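Visitor: take this sequence and fold it.
(chains A and B)
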Amino acid sequence: MDRYRGNADAVKGLIRDTEVHRDVYIDDEVFQLEMEHLFANTWVYVGHDSQVANPGDYFGTTIGAQPVLMVRHTDKTVKVLYNRCPHKGTRITTEACGNTGKFFRCPYHAWSFRTDGSLLAIPLKKGYENPGFEGSHAAKGMTPVKHVHNYRGFVFAKLNDGGPGFEEFFGDSLSSFDNMVDRSPVGKLEVAGGVLRYMHNCNWKMLVENQTDTCHPMVAHESSAGTAISVFDKQPPGTKKPMAVEIYAPFMAPYEFFENMGIRVWPNGHGHTGVHHSIHSDYSAIPGYFEKMVAAYGEERAKAILGENRHNTVYFPNLMIKGPIQLIRLFKPIAANKTLVESWTFRLVDAPDMLLERTLMYNRLINAPTSVVGHDDLEMYERAQEGLHVDANQWVNVQRLYDVAEPPDATAETNGTTEWQMRNQFRAWSKFMTLSM
Amino acid sequence: MTTPSDQQLIEFVQREARLIDQHRFEEWLELFTDDGMYWMPLEWGQTDPKLTTSLMYEDKLLLTIRVERLKGNRTFSQKPKSRCHHLLQTSQIDRRDEANNEYVTWTPMHYVETRFDEQQLYAAWVTHTLTVKDGALRIKLKRVDLVNCDAAFGNIQLFM
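Guide: This is a model prediction of the structure:
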């Protein structure tokens, strides 16, 4: 049943000023349209260029529902190619990553392609001397994604020709990436530690919304963070607070803490929590790190970089980054009710290993399928995914701290418990869903 | 006990799994030495628990937090509670180092965790590094290597 396909007004009708219709989370047709429109009209995170450091290095992933490869071309630039052979459709690579040498070779009929996708050779080429082949899709080779942008190592792609350019789409929000990269004394990050993959039986947007939901930690995470505090309090007096408890405890901070941390919204659905401070502000210093930063940047600049403790920055549609702990989470849509969450971690090049150790501890304590904080959150998402099937109320409320004068697509700083950022995301959702309808 | 027999090592591993299956988590925690660790690697053949991500790498304090959390009235992901079942092969004794009071066993297992109508099956190899303390065997390190350690999992809420 096509209720939404080709009907931009119906899609726009799902988003009200302070309410969102449940179909954005549970309807299969809306999900399909998200794959065709939203994930094609926006700049979607692909990967980090340290994953493809050398020519021929490749990394396989998805943009929405589209399988793609990120590859380092022989000219050292990063290309993004659709991952299919132009001949019969065979996936060219199946390993998560690797090095293909100077060319890709399809394992089915040995067609080969340069690392920019262009056709290199076909066995028994004379079989294609018949008319018309030169103009075929197959002769063009592996199709490249045309719009690719590498921002300080973070590679994004946009599938459609329409929609805003990279700088226009992200604007000032790129400052969160800047802060993460600047935390390396040499201004360089490397993917490190391995990726945690966590399957969620819920819609991908529930996870995105949760990133700036500051009224849930002290409630949903009382079981994990609250218990961590109470267990630690029973330790002998004078016990040094371990890194793990430093990570858990701030989830139990009171409402005032989250109100005062602030939220900043940017145009096109981007925004972040932690304008003034965050749950990452009070971690113990890592020996030797500050000194390296001062040596690299000077004291004033080093303090400014390390004083910026943004909590979660959402890059619409499906990426969240944590600059202060060098961690990103990618919410990969699989179905209306299924999302793969990938949590990636980074080494700050030329910084002490202890920073990576803390980042990895954070990742496994908070983002792993074995994480108690993860259990708390997933339970809520899955309950919502089920509860939304109640017909008596078909709307989700995002009204908290709404002002009728709230400008769309604004840059603004506001109370840290607002749901403005969620409304911001849904306004962007409506815009980029219908841009190409 | 000062020097455990092979049979005592095997029975210890079996009892450890039984305590988890029967939700006797406080008794289970007591099986660990004060500096004992529970490690579930993320990578095949992983050697570094700290600079490579793990699914779990937890000391007794973190394990205690988990055990306390499972009992909590506001632990919503345990309403209803999960249950689990270990099916162990007979442990093989990989190393007996009596001089250093250290014994290593290797135990292939199938582990089932269930909640609501869902039942998940996991296959793993468990390596126990054991020691004798105050006359009883204790766990210095329990390492659980899942055969599909790098797969995307849903919640794993109890202990393998």
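Visitor: is any residue of the longest strand seen in chain B near chain A?
Guide: Secondary structure of chain B per DSSP state E: the longest strand is strand B:118-133. No. Strand B:118-133 lies out of reach of chain A by C-beta under 8 Å from any C-beta of the partner chain, never closer than 9.5 Å. Yep, even glycine has a C-beta here, placed from its N, CA and C like the rest.
Visitor: in that strand, which residues are buried?
Guide: For strand B:118-133, burial by neighbour count (16 or more other C-beta atoms under 10 Å in any protein chain shown) applies to B:122, B:124, B:126, B:127, B:128, B:129, B:130, B:131, B:132.
Visitor: residue 4: neighbour count?
Guide: You didn't say which chain, so I picked chain A. 20 (other C-beta atoms under 10 Å in any protein chain shown).
Visitor: wait, I meant chain B there
Guide: Residue B:4 - counted by other C-beta under 10 Å - has 21 other residues nearby.
Visitor: residue B:86 versus that one, what's the distance?
Guide: 21 Å (C-beta to C-beta, to the nearest Å).
Visitor: likewise for residue A:257?
Guide: With C-beta to C-beta as the criterion, residue A:257 and residue B:86 are 42 Å apart.
Visitor: so what's the residue count around residue B:70?
Guide: The number of residues packed near residue B:70 is 20, by other C-beta under 10 Å.
Visitor: make sure it is indeed in a helix.
Guide: Yes. If the criterion is DSSP: H, G, I helix; E, B strand; the rest coil, then residue B:70 is within a helix.
Visitor: interface residues of the stretch 301-437 of chain A facing chain B?
Guide: A:340, A:345, A:353, A:356-357, A:360-361, A:363-365, A:368-370, A:372, A:374-376, A:378-380.
Visitor: buried sites along the strand or helix carrying residue A:256?
Guide: Counting by DSSP states H and E, the element that carries residue A:256 is helix A:255-261. Buried residues in helix A:255-261, counted by 16+ other C-beta under 10 Å: A:257, A:258, A:259, A:261.
Visitor: any chance of JSON lines for those, columns distance to chain B and pLDDT?
Guide: Below are the buried residues of helix A:255-261 laid out as JSON lines (distance: C-beta to the nearest C-beta, whole Å; pLDDT from 0 to 100):
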{"residue": "A:257", "distance to chain B": "20", "pLDDT": "96"}
{"residue": "A:258", "distance to chain B": "19", "pLDDT": "97"}
{"residue": "A:259", "distance to chain B": "22", "pLDDT": "97"}
{"residue": "A:261", "distance to chain B": "24", "pLDDT": "97"}
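Visitor: quick one, helices of the stretch 251-400 of chain A?
Guide: Taking DSSP state H, counting those that start in this stretch as the test, the helices found in the stretch 251-400 of chain A are A:255-261, A:289-297, A:299-307, A:353-366, A:372-387.
Visitor: show me what counts as buried in the longest one.
Guide: If I follow you right, that is helix A:372-387. In terms of neighbour count (16+ other C-beta under 10 Å), helix A:372-387 has its buried residues at A:372-382, A:384-385.
Visitor: repeat that for the second one.
Guide: For helix A:289-297, the buried set under the neighbour-count rule, 16+ other C-beta under 10 Å, comprises A:289, A:292, A:293, A:294, A:296, A:297.
Visitor: and the longest strand along chain A, what's its mean pLDDT?
Guide: Secondary structure of chain A per DSSP E: the longest strand is strand A:338-348. Averaged across strand A:338-348, the pLDDT comes to 98.
Visitor: and the angle from that strand to helix A:353-366?
Guide: Strand A:338-348 runs at 160 degrees relative to helix A:353-366, counting by axes from the mean of the first three to the mean of the last three C-alpha atoms, to 10 degrees.
Visitor: so which elements touch strand A:338-348?
Guide: strand A:189-191, strand A:196-200, helix A:204-210, strand A:327-335, helix A:353-366 (3 or more C-beta pairs under 8 Å, 6 or more residues apart in numbering or on different chains; DSSP states H and E).
Visitor: partner strands of that strand, with direction?
Guide: Here strand A:338-348 is paired, per DSSP bridges, with strand A:189-191 (antiparallel), strand A:196-200 (antiparallel), strand A:327-335 (antiparallel).
Visitor: could you dump the buried residues of helix A:255-261 to JSON lines with distance to residue A:233?
Guide: JSON lines is the format used below for the buried residues of helix A:255-261 (distance: C-beta to C-beta, whole Å):
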{"residue": "A:257", "distance to residue A:233": "19"}
{"residue": "A:258", "distance to residue A:233": "22"}
{"residue": "A:259", "distance to residue A:233": "25"}
{"residue": "A:261", "distance to residue A:233": "24"}
